[in-house]
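Q: Kindly return the folded structure for what I paste below:
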Amino acid sequence: MIRTHTKCEVLPAHTVLMEQGKKVDKLYFLNRGIARLYRVHNGVDHTLGIVSSHYFLSTPLYLQSGEISTCSLESLSEIDVLIWDKESALYLKKHIPKMETMDLAVMDTLLKWLQDIQINSICMTAEERYVHLMETQPLVIQQVPLKYIASFLAIHQDSLSRIRKNLTQRS
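A: Alright, predicted model coming up:
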């Protein structure tokens with residue numbers, strides 16, 4: 001039943017999966033590739049998160065409620081994703097009792113991810129956050145343009161270059 005209501009697609013880099021200011025109409029699960037969550041505020045593009053592992057890329061909550069998204073979601077590399085539209089997601093939730101538990105697990109994982117990002121941004125220096133990113137998501141460091149990494153760390157690209165140079169000199 002799940003297979004018949006699930007699409008699997010390979011999407012090119014720079015595909016916008018979810019747009020700020022528009023309704024969320026699909027739920028995605030990342031099998032392979034890198035995606036970023038971002039928000040444009042006062043004309044500035046802010047990277048809020050970068051995902052490079054098996055993870056849900058949008059939330060069941062926004063999909064079900066039809067709420068307007070406050071952020072955008074974009075693939076930074078070619079991505080392999082599972083996709084559920086609203087009708088399919090609601091059908092599966094109605095016909096498979098364990099889907100409610102999965103919804104809660106997805107929301108719990110998302111809240112933990114957001115909390116970790118917030119705590120790291122408050123408690124760690126930019127260099128510590130960069131090292132943490134190197135340790136937890138090495139593919140991001142290797143494949144994502146520095147402008148997005150700097151934005152995620154909430155620093156200028158020049159500062160990121162200095163951090164990278166300092167780390168290289170120390171090793």
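
Q: And the helices in the protein, which stretches?
A: Applying DSSP state H to the chain gives helices spanning 60-65, 86-95, 98-123, 126-136, 138-143, 146-153, 157-170.

Q: which one of these lies closest to residue 38?
A: helix 146-153 (7.6 Å; C-beta to C-beta). All C-beta spots, glycine's among them, are computed from the backbone N, C-alpha and C.

Q: just the angle between that closest one and helix 98-123, please?
A: Comparing the axes of helix 146-153 and helix 98-123 via axes from the mean of the first three to the mean of the last three C-alpha atoms, to 10 degrees yields an angle of 90 degrees.

Q: what sits up against helix 146-153?
A: By C-beta atoms under 8 Å, 6 or more residues apart in numbering, the surrounding residues in contact with helix 146-153 are 36, 38, 45-50, 76, 126, 129-130, 133, 140-141, 156-157, 159-161.

Q: what's the answer for stretch 110-124, then?
A: With C-beta under 8 Å, 6+ apart as the criterion, stretch 110-124 contacts 48-49, 56, 59, 128-129, 132, 154.

Q: List the buried residues for stretch 135-151?
A: Residues 137, 140-141, 144, 148-151 are the ones in stretch 135-151 that count as buried (16 or more other C-beta atoms under 10 Å).

Q: Just the C-alphas of stretch 139-156, formatted as PDB.
A: Output of stretch 139-156 as PDB, limited to C-alpha atoms (Å, rounded to 0.1, in the frame of the first residue of the first chain):
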ATOM      1  CA  LEU A 139      29.700  15.800   2.600                       C
ATOM      2  CA  VAL A 140      28.400  19.300   3.200                       C
ATOM      3  CA  ILE A 141      32.000  20.600   3.700                       C
ATOM      4  CA  GLN A 142      33.200  18.800   0.500                       C
ATOM      5  CA  GLN A 143      30.300  19.600  -1.800                       C
ATOM      6  CA  VAL A 144      28.300  22.700  -0.700                       C
ATOM      7  CA  PRO A 145      29.400  26.200  -1.900                       C
ATOM      8  CA  LEU A 146      31.100  28.200   0.800                       C
ATOM      9  CA  LYS A 147      28.400  31.000   0.600                       C
ATOM     10  CA  TYR A 148      25.800  28.600   1.900                       C
ATOM     11  CA  ILE A 149      28.000  27.200   4.700                       C
ATOM     12  CA  ALA A 150      28.900  30.800   5.700                       C
ATOM     13  CA  SER A 151      25.200  31.700   5.700                       C
ATOM     14  CA  PHE A 152      24.400  28.700   7.800                       C
ATOM     15  CA  LEU A 153      27.100  29.700  10.300                       C
ATOM     16  CA  ALA A 154      25.800  33.300  10.200                       C
ATOM     17  CA  ILE A 155      29.100  34.700   9.200                       C
ATOM     18  CA  HIS A 156      30.600  36.400   6.200                       C
END
